[in-house]
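Colleague: sequence and predicted structure, then a few things I'm wondering about:
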Amino acid sequence: MKPRQIRYAFLLCACVLGVNAAPATAANEDKVPYWASVDAEVANMRVGPGDSYRIDWVYRRPHLPVKVLRREGPWRLVEDPDGAQGWMRDLLLSRQRAAIVKKGELVDVRAEGRSGAPMLWRVEPGVVGLLGECKDGWCPFDAQGHKGFVREERLWGAGAP
């Protein structure tokens, strides 16, 4: 098993909350780059745009955010949070926005999108969650039903691609 196959198997230490974090979608599907997320239990990244190309990475992390850099028929050239690039079929991707907590320290998840809001819990780098519409530097973040707000700069997959 390659290291990247299990790279995104991080733990989330959280409480169940009732904050609504509706997922954001991109406005224009034809323009690149744009954000997408892995929409499969297992997704292969290939070295070229076709089934005959060698599989370079195997992702086992639904909702992992990726940046779509190019389109070629049903294939998308994507970049993962570590900077690896390769080709995935469009059927393996979703336009549902997601984000991953960037490397570094634990990140505070707050009850509201502001600094003075109560801290609900802290998440580790590598935690993946669905992303709502970011406003004023704060993003609604839903990690497997655990909802709150995270600073936009602490998330890969938020902001402009």
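Modeller: Yep, that arrived.

Colleague: contacts only, for Ala43.
Modeller: Listed by Cβ atoms under 8 Å, 6 or more residues apart in numbering, the contact partners of Ala43 are Val58, Tyr59, Met88, Leu92, Leu93. Every C-beta, even on glycine, is put in place using the N, C-alpha and C of the backbone.

Colleague: what's the closest of those residues to Pro33?
Modeller: Leu93 (13.1 Å; Cβ to Cβ).

Colleague: Glu153 looks like it's in a helix, true?
Modeller: Yes: applying DSSP: H, G, I helix; E, B strand; the rest coil, one finds Glu153 inside a helix.

Colleague: surely it touches Cys139?
Modeller: No: here Glu153 does not reach Cys139: they are 9.8 Å apart, not a contact under Cβ atoms under 8 Å.

Colleague: out of the two, which sits in the busier spot?
Modeller: Shown here are Glu153 and Cys139; by other Cβ atoms under 10 Å, Cys139 has more neighbours (27 against 10).
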